[in-house]
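K.L.:
coords please:
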Amino acid sequence: MKFKTYQYSKHWTNTQASSGDPTAMDEAKRAKQQLESILSSILLSENLVILTGLGTSLCIKDTANNSIAPTMTDLWEVAQKTTKDFDAILDKVHHPKEPSGEWKQDIETLLSRCQMSIELQDDAIISAFITNTEDMIVKKCSFLGHLPPGSGLPIHESFLRKIARRPTRLQRAKLFTTNYDLCFETASGTAGFVIIDGFSHTNPQEFEGLHFGYDIVRRDPESEVPSYISNVIQLLKLHGSVDWDRIASGQVLRSPSPKKPVIIYPRNGKFESSYNQPYFEMMSRFQAALRLPNTGLLIVGFGFNDAHLVGPLNSALRSNASLRLVAVGPTYETKPPQFIQNLESLIEAGDRRLSVLAAGFEDLVGIIPDLKAPSEEEQHQSRIKKVP
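P.N.:
Numbering: from 1, shown residues only. Next up, the predicted model:
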C-alpha cells in the first residue's frame with residue numbers, strides 16, 4: 001500500500017517494506033503509523049461520511065478465487081453471449097468502435113444509445129434488448145446466493161465494526177453506496193449491526209425519507225434518560241437496490257423478488273434520474289452531508305465516473321474548509337481518475353485536508369484502527385453464534 005498526503009509526504013510513500021533494509025522498514029513503519037492516525041481522525045470526525053463503489057464488492061470471491069461481483073466488462077460479455085443478433089443491434093444504434101474496428105465494450109454507452117434510439121423511433125427488438133439486459137443486470141448483481149457455503153462476508157463485517165464503533169455522542173456514520181448488491185445489509189445482519197436505510201419497520205417495509213431522521217435508543221428502568229445504542233449506521237443507496245420494488249401506487253417496498261426493480265441502470269441520464277424519488281432523497285442527503293462542518297469523508301472503491309456525484313464532491317472540496325478526505329482505490333497511483341489527479345495537485349499545493357491511498361478495500365480494512373474493543377454484549381453474541 002502507498003499513500004500521499006501533505007501531512008506526511010507529498011509523494012507516494014510505501015507503508016510496507018521487504019525485510020532486510022532497516023532504513024526502509026523504519027520508514028514504512030512510520031508511514032503506516034501516520035496513515036493509521038489519519039484514518040482514526042477521519043473516523044472520529046463529528047460527521048463521518050463514507051462513499052463506496054464497485055471496489056468494495058470485488059473482494060468477494062468464489063471457490064476458484066474469482067470475484068463474483070460483476071464488472072461493466074462482465075455485463076457486456078453476458079449481454080453479448082445471451083443476445084441474438086447482438087452485432088445487428090449495435091450497428092442499428094450506431095454503437096462506437098475502437099480504432100481496431102472492434103466494438104467498444106461499454107455497456108453504459110450501449111444502453112444509452114439504445115434508450116435514445118427508441119425515444120426517437122420505437123423498435124420492438126431494441127426495447128426487448130433493453131428489458132432483457134436490465135433483467136440480467138439485476139440477476140448478476142444478486143450474487144450473494146452464489147457465495148461458497150459458510151464463507152460469509154468477513155471483510156464487510158470487519159469494515160462495519162470499525163466504522164460504526166464511534167462514540168454515541170457523535171453523529172451516526174452515513175454510508176453512501178452506488179452498488180445495487182446487498183453486501184452491507186447482509187454483513188450487518190451477521191455482525192449484529194443495525195442499519196437505518198429509510199425503510200419502515202412495518203410489513204411490508206416501505207421507503208420514506210423521514211425514517212433517516214429516526215434513531216434507536218435504549219430505555220433502562222434504572223434511568224429516566226434514554227441512551228443511544230451503539231453499532232448503528234445509516235445506509236443510503238444512491239442508485240437503488242436489487243431488493244427495492246416499485247408498486248402500482250408508486251410506493252417503494254422492500255421485496256426479495258421485485259417485479260419492477262428500483263435501480264438507476266448504467267446509462268446516460270443518471271443525473272436526471274437522481275432527481276426522481278427515491279434517489280432524490282439520497283442525493284439531497286449526500287449533498288447536505290458534504291456541507292456539514294467537521295466532516296470526515298472516506299471514499300472507497302469508487303471510480304469517479306458518475307458526474308452527478310463528482311459534482312457535489314468538487315463543490316465540497318472548494319467550499320467546506322473543515323472537510324477532511326481520504327480516497328482509497330487500488331489504481332489511484334498508476335491510473336488516477338481526474339478527481340484523484342485534482343486531489344494530488346491540492347496535496348502538492350499544501351492542502352492538509354486530503355490523503356490518497358493506493359489500496360484495495362480489503363487492504364484498507366486491515367489497516368483501519370479499532371476505535372474501541374468489542375463490548376461484552378458483542379462478545380456474548382459472538383460466543384452464542386458459535387454454539388451448535
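K.L.:
drop to CA atoms for contacts and neighbour counts, all remaining ones
P.N.:
Fine.
K.L.:
need the longest helix for the chain.
P.N.:
In the chain, assigned by DSSP state H, the helix with the most residues is helix 22-43.
K.L.:
and that one, how far from the chain's centre?
P.N.:
How far helix 22-43 lies from its chain's middle: 25 Å, per C-alpha atoms, centre = their mean, to the nearest Å.
K.L.:
so F86 touches Q80, yeah?
P.N.:
Yes: with contact defined as C-alpha atoms under 8 Å, F86 reaches Q80; the gap is 6.0 Å.
K.L.:
where exactly do the strands run in this structure?
P.N.:
2-5, 9-14, 47-52, 174-177, 194-196, 217-218, 227-228, 232-237, 240-246, 252-254, 261-263, 295-300, 324-329, 354-358 (DSSP state E).
K.L.:
JSON lines for those strands, including mean neighbour count?
P.N.:
Output for these, formatted as JSON lines (neighbours: other C-alpha atoms under 10 Å):
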{"stretch": "strand 2-5", "mean neighbour count": "24"}
{"stretch": "strand 9-14", "mean neighbour count": "17"}
{"stretch": "strand 47-52", "mean neighbour count": "22"}
{"stretch": "strand 174-177", "mean neighbour count": "24"}
{"stretch": "strand 194-196", "mean neighbour count": "19"}
{"stretch": "strand 217-218", "mean neighbour count": "12"}
{"stretch": "strand 227-228", "mean neighbour count": "14"}
{"stretch": "strand 232-237", "mean neighbour count": "23"}
{"stretch": "strand 240-246", "mean neighbour count": "22"}
{"stretch": "strand 252-254", "mean neighbour count": "22"}
{"stretch": "strand 261-263", "mean neighbour count": "23"}
{"stretch": "strand 295-300", "mean neighbour count": "23"}
{"stretch": "strand 324-329", "mean neighbour count": "24"}
{"stretch": "strand 354-358", "mean neighbour count": "24"}
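K.L.:
possible to save those strands as a markdown table with mean pLDDT and distance to L90?
P.N.:
Shown next, in a markdown table, are the strands of the chain (pLDDT from 0 to 100; distance: least, C-alpha to C-alpha, whole Å):
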| stretch | mean pLDDT | distance to L90 |
| --- | --- | --- |
| strand 2-5 | 92 | 41 |
| strand 9-14 | 88 | 42 |
| strand 47-52 | 98 | 32 |
| strand 174-177 | 98 | 31 |
| strand 194-196 | 94 | 42 |
| strand 217-218 | 88 | 55 |
| strand 227-228 | 88 | 55 |
| strand 232-237 | 96 | 31 |
| strand 240-246 | 96 | 27 |
| strand 252-254 | 95 | 33 |
| strand 261-263 | 94 | 24 |
| strand 295-300 | 98 | 34 |
| strand 324-329 | 97 | 32 |
| strand 354-358 | 96 | 36 |
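K.L.:
so which of these is nearest F207?
P.N.:
strand 252-254 (5.5 Å; C-alpha to C-alpha).
K.L.:
and the closest one, what does it pack against?
P.N.:
Contacts defined by 3 or more C-alpha pairs under 8 Å, 6 or more residues apart in numbering; DSSP states H and E place strand 252-254 against strand 240-246.
K.L.:
partners of the strand it packs on, with directions?
P.N.:
Looking at strand 240-246 with DSSP bridges, its partner strands are strand 252-254 (antiparallel), strand 261-263 (antiparallel).
K.L.:
need the contact partners of that strand.
P.N.:
Residues from elsewhere that reach strand 240-246, judged by C-alpha atoms under 8 Å, 6 or more residues apart in numbering: 138, 141-142, 178-182, 252-264, 279.
K.L.:
write a PyMOL command that selects only the buried members of those.
P.N.:
Of those, the buried ones go into a single PyMOL selection, burial set by 16 or more other C-alpha atoms under 10 Å:
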select buried, resi 138+141+142+178+179+180+181+182+252+253+254+255+258+261+262+263+264+279
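K.L.:
mark which of the contacts of strand 240-246 are part of helices, please.
P.N.:
Using DSSP H, the contacts of strand 240-246 in helices are V138, C141, Y279.
K.L.:
what's the neighbour count on the residue lying closest to the last one once chain neighbours are set aside?
P.N.:
In other words, Y279. The spatially closest residue to Y279, leaving aside those adjacent along the chain, is L238, at 5.9 Å (C-alpha to C-alpha, 6 or more residues apart in numbering). The tally of other residues near L238 (other C-alpha atoms under 10 Å) stands at 24.
K.L.:
how close does L238 get to N276?
P.N.:
11 Å (C-alpha to C-alpha, to the nearest Å).
K.L.:
same thing with I216?
P.N.:
I216 sits 28 Å away from N276, going by C-alpha to C-alpha.
K.L.:
do the same with F207
P.N.:
F207 is 14 Å from N276, by C-alpha to C-alpha.
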